[in-house]
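Enquirer: Test case, fold it:
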Amino acid sequence: MGKLMTRIGCAALLSVSALTVAGMALPRAAAIEAASSTRQANVDTFKIDPAHSSVIFKVKHMGVSYVYGRFNEFSGEINWDAVDPTKHTIKAEVKATSVDTNSNGRDNHLRGPDFFDTANSPTILFESTGVKESGGDKFEVEGKLTLHGVTKPINVTIEKVGLADVPRMGKRLGLACEFTVKRSDFGMTYGIDGAVSDEVTIMLAFECGVGGR
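Expert: Numbering: from 1, shown residues only. Here you go, the predicted model:
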């Protein structure tokens with residue numbers, strides 16, 4: 001009789017424990033789901049608006065002057081976290097075939113194997129891997145730049161130019177950035193003996209809208 005009572009008592013204790021654990025698990029799961037929903041509510045996904053954005057570069061020619069160029073076709077997506085800037089993500093893709101330096105002959109040369117080799121490497125890609133606040137409206141962004149088929153880590157400073165709900169356009173985000181890369185790091189060495197500088201300065205100005213607007 002004593003053993004039977006002991007077994008009944010243990011079974012009851014296990015049942016109570018299971019109910020207690022289940023009762024604790026449900027609110028915790030609900031809390032996690034609520035936190036996830038809140039975070040999603042804080043994040044806006046912006047698309048780069050090419051009509052109000054620019055991708056510009058400059059290189060030194062013969063050591064005496066700068067030649068400027070631009071890319072006319074590009075796209076990208078920015079996930080902007082209003083609460084935690086370290087959760088920002090940035091991805092931008094540029095069509096190397098759209099290079100434009102106001103000279104058809106030079107542009108065709110740039111598309112060829114001496115420079116961008118667009119037949120084999122048609123796109124230039126940047127993807128962020130980490131973001132840190134840098135004071136004010138500036139952020140230090142770590143990422144990967146793929147150029148001429150070569151991928152290298154890169155660190156850039158990005159400025160938030162503005163963020164506003166614009167009449168008839170919706171929520172808009174403006175970002176700007178300027179940085180320098182060595183094209184030789186990406187296997188582009190033509191004319192590096194002095195005709196065209198190794199260092200290329202890239203200037204970005206992106207205006208972005210939510211939902212592709």
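Enquirer: can you give me the helices in this structure?
Expert: Under the criterion DSSP state H, helices of the chain are mapped to 2-42, 104-111.
Enquirer: looking at these, which has the lowest confidence?
Expert: Mean pLDDT is lowest for helix 2-42 out of these, coming in at a mean of 49.
Enquirer: Verify the contact between C177 and T201 for me.
Expert: No: judged on C-beta atoms under 8 Å, C177 makes no contact with T201 at a distance of 11.1 Å. For glycine as for every other residue, the C-beta is placed from the backbone atoms N, C-alpha and C.
Enquirer: between these two, who's got more neighbours?
Expert: Between C177 and T201, counted using other C-beta atoms under 10 Å, the more crowded position is C177 (19 against 16).
Enquirer: got a list of what the more buried one touches?
Expert: V156, T157, I158, E159, I202, M203, L204 (C-beta atoms under 8 Å, 6 or more residues apart in numbering).
Enquirer: Now, of these, which are buried?
Expert: V156, I158, E159, I202, L204 (16 or more other C-beta atoms under 10 Å).
Enquirer: I'd like the contacts of C177 as CSV, with distance to S121 appended.
Expert: Formatted as CSV, the contacts of C177 follow (distance: C-beta to C-beta, whole Å):
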residue, distance to S121
V156, 21
T157, 26
I158, 25
E159, 29
I202, 16
M203, 21
L204, 20
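Enquirer: Closest to H109 out of these?
Expert: When the contacts of C177 are ranked by distance to H109 (C-beta to C-beta), I202 comes first, at 19.3 Å.
Enquirer: Please name the residues that touch R111.
Expert: R111 sits next to A96, T97, V99, D117, T118 when contact means C-beta under 8 Å, 6+ apart.
Enquirer: Quick check, pLDDT for the most centrally placed residue in the chain.
Expert: Centroid check for the chain by C-alpha atoms, centre = their mean gives I90 as the closest residue, at 1.4 Å. For I90, the pLDDT comes out at 97.
Enquirer: ok, for it, nearest residue in space, not its chain neighbours?
Expert: Nearest-residue entry for I90: S128, 4.3 Å, with adjacent residues in sequence omitted and distances by C-beta to C-beta, 6 or more residues apart in numbering.
Enquirer: was I right about that neighbour contacting E142?
Expert: Yes: between S128 and E142 there is a contact under C-beta under 8 Å: 6.9 Å.
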